[in-house]
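S.K.: Sequence and predicted model, in that order:
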Amino acid sequence: MARMVRKQVYITAEQESALKKLSARSGVREAAIIREGIELALGDERVLERRVAAFERAETVAERVLALGPVDRKGRGWSRGELYDR
């Protein structure tokens, strides 16, 4: 793992609530979710590669949907049929 640098950021109460819910639901630490968000904002393709790998490992349709991640402003990058292609 790369060397980590400590940063302090301010988020809204709504963002904090959503972050805590996502962390609890997904079992992923809040810091990891924030780091992934930064990578997404920077256009880092490693995030997409990790999501594809998680999708390919998923056993159920629900796990596959979660692995695809949230729908962005541009619309989802997957189709319902892709969930059943396995």
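M.R.: Okay, I see it.

S.K.: In contact with Glu59, which residues?
M.R.: Shown in contact with Glu59 (Cβ atoms under 8 Å, 6 or more residues apart in numbering): no residues. Using the backbone N, CA and C atoms, a C-beta is placed for each residue, glycine as well.

S.K.: Quick check: phi and psi on it?
M.R.: phi -90, psi -30 (degrees, to the nearest 10).

S.K.: What segments of the chain are helices?
M.R.: Under the criterion DSSP state H, the chain contains helices at 13-26, 30-41, 45-57, 61-68.

S.K.: outside of the longest one, which residues touch it?
M.R.: It stands for helix 13-26. Ile11, Val28, Arg29, Glu30, Ile33, Ile34, Leu66.

S.K.: dump the residue contacts of the second one.
M.R.: Taking Cβ under 8 Å, 6+ apart as the definition of contact, the neighbours of Val28 are Leu22.

S.K.: Can you tell me how far it is from Gly37?
M.R.: Distance of Val28 to Gly37, computed by Cβ to Cβ, to the nearest Å: 12 Å.

S.K.: what residues go with each domain of the chain?
M.R.: Using automatic domain parsing, the domain ranges for the chain come out as 8-43, 45-86.

S.K.: Quick one: the ones you listed as JSON lines, columns for distance to Ala2 too.
M.R.: Formatted as JSON lines, the domains of the chain follow (distance: least, Cβ to Cβ, whole Å):
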{"stretch": "domain 8-43", "distance to Ala2": "10"}
{"stretch": "domain 45-86", "distance to Ala2": "11"}
